[in-house]
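Asker: Return a 3D structure for these sequence lines:
(chains A, B, C and D)
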Amino acid sequence: MIIKNTSQFIILLFSMFLPYLTLRYYAKQVELPIIRELPALNVIPEMVGRAAEMGAKSLWIPGITSRVDARVISGLSILTKVAEEVAIKGGEIVCATARPVFMPLIEDAAITGYTAGGHPEHKPDVRFLTDQQFAFCAGVMGIIDRENCQANFYVGGWADEALPISAAGLAKGAMQIAGDTNMYQLPYFVCTCDYVMIAEEFLVSGAVLTRDKEQLGGIIGADLLKYALIVLCILGIIAASIGSNFIVQILSY
Amino acid sequence: MVATTIGPWIGLFFTWAIYSYLLYKENIAFRFAEHTFIGVAAGINFVMAMKTLQGNTLQPILNGELIYAIGLILGIIILLRYIKPIKFASNWSMAFYVGTTLGLTISRLPITSIIVPLKSFFLPPNTLDNIVLIAGFFTVLSYFIFGRLPNKQVEQARDYVNRAGRLFLMVTLGAMFGASLLGRFAMVIERIYFTMRTLGLAA
Amino acid sequence: MDGFSEGREVKVMAQSFWDRITDMSPRPLYIILILAIAFPFISPLRIPISIADYTKAAYNFVESLPPGSIVLSPNVIEASCWGECGYAWIATWEHFFQKDLKIVAISLYKDGPLLCERVIDVLKSRGVNVEYGVNYVNLGLVPGFNSAIAAMVEPPDGLHRLVKTDYFGNSINTLPLMSEIKCIEQVDLICSFTSGWGEDWVGLAVIPYGAKYIYSCIGVMQPTLVNQYSLKLCIGGLAGLKGGAEYELMMGNPSTGVKSMDAISTTHALVIIFIVVGNIAMVFTRKKGD
Amino acid sequence: MSSFLKIKEISIAICALLGIIMIGQYYINIPAISTAANYAQIFTTSIAGFMMIFGTFTLLLYNYNHFKKKTPGQWYLSAWTIFLIVSLATIGLVMGPDHFYFAWMFENVFINLDTAMYSILGFYVMAASWRAFRARNIDATFLLVSGVLAALVNAPFAEAIFGKSILNVGNWVMNVPTMAGLRTTYFGVALGSIYVALRTFIGKEIGWMGLAKEER
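Answerer: Below you'll find the model as predicted:
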């Protein structure tokens, strides 16, 4: 037979093309697919308002990752939302990065947010500190300390600099949100931040904010695959309870 | 017994130049150590890369196996990025690299990350362990389903399921946090042991 | 000062004590950490170490291998992970040489070849019989991660297509050991030292070819090792420094790994005490309604 | 002709073709594909080698600019970095990496620096355990209880003081709820990676083309 590992091949094809089909379907629809409530997005206006009342600043950092991947793109869409809130409620944002190549992207995202908030004339404060991990850590901790940042957003691709920076923000009593797909830095964020977007929840939050119809369509496609996994698991549990491994044989065909 | 050769003492200087950043503040010794680290790392990186290219790409071509020339040409194209007019060519080699790496990764994901973990949940719910495992599967998977269900009541019930799923994730993250302590402290222990051995305070 | 105000005053003083503790500079804590590590090296506590089942499984499988079996030992590890995987590396390789197995070492990250030679130097200083080209070969660096793995395991002679010269520049045709191994089919055991997930070897070698795989990882990857062991994707593994110490104990010659475990005890005890005290401080400062 | 070569569709086609060959190697029973895939993987390792060299040139250029512009407080450090790279590279290539100077620099300078640099986080964890690891909400409470139990499993003193029971509880938490959560996250990661790969093969995801931004 020309096809080997058939069941795996079927799963691969479904995983590749089902989200693409739903993407095409929703691209033609007028309204957006409805996504469940994401608590982190509701907290942003409250955080920025609190910082504005205290006369403090908001701080946005995409982590130290060097590639513009899905995590950084989600982080940028969150920056646009924060900039919109700052334009409405007042206050200021400081954006610090370790990658010069990100700076134009950050400026664009911030200006888009300011314009949406009705203040296109605001100038975003974007700073490139250094590309060395621990020197970047020290730089950001200095900003948190000196410039009293009370609404901190750590959304992007993080590594070992996550703990020292978020702990410094916590020590200043700031409200903090974090988001990353790197499961090894999330435990530190859970302890130091008020809300943490875990793995896919972070990427979806970015898509919801940008109202990207295509990406949201793809997410609905992935949901259908997960429902399929749930059905398969229920059948598997029933099969295991009555002692047959019918499902297991299908999956290893 | 105190270290007799100069090597360990150089290592001691660099170790505590790095730690001076913690115990004191950023200073010239730390920045000197940092730049030494960057320089030596790049030097080793370059030599290792040249050795593998010379041994495993160039050598076979000289021995007559000309198919390896394709790898050599694709590699040289990467270096063309510095020449402005033909900079676009370096994308072809990147495309070759990304296509192979991505294709290999996703070709094995259905078995390693979907079928095998899924089969591990096919358990009769007759023991506590099995019930907790099955509950973990359904609640965490529900947490990662983002489309809102049309039915209001079902969606409210799902909020509680998602809440339980998030707590399962917290236990997983906690275990990773607990295990990471073993890793973090092992590195510090090795540095302190090296320091004591060099100073002759430990065998 | 009536009882009530006195009690309130004590409470205010207690809260300001906790506030001062909370806002304390971290530097004294760094000194405490250094002392907590140095102390057991001066006067060892010798706390008994219990051995994890995946470490026992790895040891017993190596014991069951007949002499002359071939072990493919890849590594994806930075030099900084020496404190974690170094002792496990020395202990496992020493066991392989004791059992007259043959080690083919290949590195997928730049520090690997030099670390392999560092392990061999330690073993030679312990009088282990290492004959280069006969029972040990260092194939040097092959970059590209999963592309390199997929290329070397491919039958009939993937390894000979991928690697033409070893780390010292000798052609592989001049090495007797390399004539005995052409691809994954001649490999009796894969013992991988990695700071990564180890998923590549499972997807590219264990599942397609049924290879036997020991996953020696860094501490933070312990949950991944527990997962692979319970799903029977690996036959055993070593979790960072603790795995190295356990393997040294099973080999019967405790060395640096076992010595360091006392310091693991003191540091872990310190962190747990600080977490508990920190949470108590939080309860007190929260009572102030902040 | 040259403008035709510049279009990015060529790169996307190459990327998709290689992806299909890799998938074909595992799923389609045609020996020719397996051989083609094997050689494609070998060429990828060659490209990876050249990318390492490219990284070193970029670093040399970065430090040379600092040195030429005499950036205050930086230029002499950049000069030292350049000296190290060039000296190690020439000796490593001419005399071979098992030459005394190369091995000595690795053994006494690099390993010590690399380990010291990465061990800094151990100090941060110790300081943070004091101020940051607080059970401020239910999520953090579950995380800290599970984290402390996992730490007690790894630390020999726990069994010496609390006996075998603490080990059993810790191992149960590590083997049952943790595995349930960890394995279920694999599904999301796998589906996400497969979907991103498809978007890359059809040209919607071109972040990797960062090398030549003009042609995006």
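Asker: check contacts around the closest residue to residue D:155 other than its chain neighbours.
Answerer: In space, and not counting its chain neighbours, residue D:155 is closest to residue C:268: 3.6 Å by CB to CB, 6 or more residues apart in numbering or on different chains. Every C-beta, even on glycine, is put in place using the N, C-alpha and C of the backbone. The contact partners of residue C:268, taken as CB atoms under 8 Å, 6 or more residues apart in numbering or on different chains, are B:181, B:185, D:151-152, D:154-155, D:157-158.
Asker: can you pull the buried residues of the helix or strand containing residue C:268?
Answerer: Element membership of residue C:268, judged by DSSP states H and E, is helix C:256-287. Neighbour-count burial for helix C:256-287, with 16 or more other CB atoms under 10 Å in any protein chain shown as criterion, is recorded at C:256-272, C:274-275, C:278-279, C:281-282, C:284-285.
Asker: What are the boundaries of the helices in chain B?
Answerer: Taking DSSP state H as the test, the helices found in chain B are B:6-23, B:28-53, B:59-62, B:68-79, B:90-109, B:116-119, B:128-143, B:152-199.
Asker: Ok, chain D next?
Answerer: D:2-6, D:9-27, D:31-69, D:75-94, D:100-104, D:111-131, D:138-154, D:156-162, D:164-175, D:177-201.
Asker: Would you format the helices of chain B as TSV with mean neighbour count, mean pLDDT and distance to residue A:1 included?
Answerer: What follows is the helices of chain B, written out as TSV (neighbours: other CB atoms under 10 Å in any protein chain shown; pLDDT from 0 to 100; distance: least, CB to CB, whole Å):
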stretch	mean neighbour count	mean pLDDT	distance to residue A:1
helix B:6-23	19	91	59
helix B:28-53	22	91	39
helix B:59-62	16	94	35
helix B:68-79	20	92	32
helix B:90-109	26	92	18
helix B:116-119	21	94	23
helix B:128-143	20	95	32
helix B:152-199	22	93	39
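Asker: Tell me, what's the model's pLDDT at residue C:15?
Answerer: The confidence metric pLDDT takes the value 55 at residue C:15.
Asker: One more: residue C:82?
Answerer: pLDDT recorded at residue C:82 is 90.
Asker: residues near it, how many?
Answerer: 22 (other CB atoms under 10 Å in any protein chain shown).
Asker: Distance of it relative to residue D:126?
Answerer: 21 Å (CB to CB, to the nearest Å).
Asker: quick one, what contacts whichever residue of chain A sits closest to chain C?
Answerer: Closest approach between chain A and chain C, counting by CB to the nearest CB: residue A:184, at 5.9 Å. The contact partners of residue A:184, taken as CB under 8 Å, 6+ apart, are B:176, B:180, C:220.
Asker: Of the residues you listed, which fall within the contact range of chain D?
Answerer: Contacts with chain D are made by B:176, B:180 out of the contacts of residue A:184, judged by CB under 8 Å from any CB of the partner chain.
Asker: Export the contacts of residue A:184 to a markdown table and append columns for distance to chain A.
Answerer: Shown next, in a markdown table, are the contacts of residue A:184 (distance: CB to the nearest CB, whole Å):
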| residue | distance to chain A |
| --- | --- |
| B:176 | 6 |
| B:180 | 7 |
| C:220 | 6 |
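Asker: So which bits of the stretch 1-150 of chain C are right by chain D?
Answerer: Counting by CB under 8 Å from any CB, the residues of the stretch 1-150 of chain C close to chain D are C:22, C:24, C:26, C:29-30, C:32-33, C:45, C:47-50, C:78-80, C:82-83, C:110-111, C:113-114, C:117-118, C:142-145, C:147-148, C:150.
Asker: Buried ones among those residues?
Answerer: Using 16+ other CB under 10 Å, the buried ones in those are C:22, C:26, C:29-30, C:33, C:47, C:49, C:78-80, C:82-83, C:110-111, C:113-114, C:117-118, C:142-145, C:147-148, C:150.
Asker: Which pLDDT value goes with residue D:214?
Answerer: 35.
Asker: follow-up on the earlier one: would you turn the helices of chain D into JSON lines with mean neighbour count, distance to chain B and mean pLDDT?
Answerer: Output for the helices of chain D, formatted as JSON lines (neighbours: other CB atoms under 10 Å in any protein chain shown; distance: least, CB to the nearest CB, whole Å; pLDDT from 0 to 100):
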{"stretch": "helix D:2-6", "mean neighbour count": "10", "distance to chain B": "5", "mean pLDDT": "66"}
{"stretch": "helix D:9-27", "mean neighbour count": "21", "distance to chain B": "3", "mean pLDDT": "93"}
{"stretch": "helix D:31-69", "mean neighbour count": "19", "distance to chain B": "3", "mean pLDDT": "91"}
{"stretch": "helix D:75-94", "mean neighbour count": "18", "distance to chain B": "3", "mean pLDDT": "91"}
{"stretch": "helix D:100-104", "mean neighbour count": "15", "distance to chain B": "6", "mean pLDDT": "88"}
{"stretch": "helix D:111-131", "mean neighbour count": "24", "distance to chain B": "4", "mean pLDDT": "88"}
{"stretch": "helix D:138-154", "mean neighbour count": "23", "distance to chain B": "3", "mean pLDDT": "94"}
{"stretch": "helix D:156-162", "mean neighbour count": "18", "distance to chain B": "11", "mean pLDDT": "91"}
{"stretch": "helix D:164-175", "mean neighbour count": "17", "distance to chain B": "5", "mean pLDDT": "93"}
{"stretch": "helix D:177-201", "mean neighbour count": "24", "distance to chain B": "2", "mean pLDDT": "91"}
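Asker: Pick out the residue in the stretch 151-253 of chain A sitting closest to chain D.
Answerer: Ranked by CB to the nearest CB, the top residue of the stretch 151-253 of chain A for proximity to chain D is residue A:167, at 4.2 Å.
Asker: Contact partners for the residue lying closest to residue C:106 once chain neighbours are set aside?
Answerer: Leaving out its chain neighbours, the residue that sits closest to residue C:106 by CB to CB, 6+ apart is residue C:139, at 4.4 Å. Residue C:139 is in contact with C:104-107, C:163, C:166-167, C:172, counting by CB under 8 Å, 6+ apart.
Asker: Adding pLDDT, write the residues you listed out as CSV.
Answerer: What follows is the contacts of residue C:139, written out as CSV (pLDDT from 0 to 100):
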residue, pLDDT
C:104, 97
C:105, 97
C:106, 96
C:107, 95
C:163, 95
C:166, 93
C:167, 92
C:172, 93
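Asker: quick check, nearest of the residues you listed to residue A:15?
Answerer: Nearest to residue A:15 among those: residue C:106, at 31.8 Å, using CB to CB.
Asker: Contacts only, for the closest one.
Answerer: Taking CB under 8 Å, 6+ apart, one finds C:72-75, C:112, C:139-140, C:142, C:152, C:163 in contact with residue C:106.
Asker: quick one: which of these has the most company?
Answerer: Counting neighbours by other CB under 10 Å, the top entry in those is residue C:152, with 30 neighbours.
Asker: Show residues contacting the helix or strand containing that residue.
Answerer: Counting by DSSP H and E, the element that carries residue C:152 is helix C:146-153. Counting contacts by CB under 8 Å, 6+ apart, the residues outside helix C:146-153 that touch it are B:100-101, B:104-105, C:74, C:106, C:108, C:142, C:158-159, C:161-163, C:183-184, C:200-201, C:204-205, C:208-209, C:211, D:22, D:25, D:37-38, D:41-42, D:44-45, D:48.
Asker: at 7 Å instead, please
Answerer: By CB atoms under 7 Å, 6 or more residues apart in numbering or on different chains, the residues outside helix C:146-153 that reach it are B:100-101, B:104-105, C:108, C:142, C:158-159, C:161-162, C:183-184, C:200-201, C:204-205, C:209, D:38, D:41-42, D:44-45.
Asker: Mean confidence (pLDDT) on it, please.
Answerer: Mean predicted confidence for helix C:146-153 is 94.
Asker: Run the angle between it and helix D:9-27 for me.
Answerer: Computed with axes from the mean of the first three to the mean of the last three CA atoms, to 10 degrees, the direction of helix C:146-153 lies at 40 degrees from that of helix D:9-27.
Asker: ok, then the element right after helix C:146-153?
Answerer: Heading C-terminal from helix C:146-153, the first helix or strand you meet, by DSSP H and E, is helix C:158-162.
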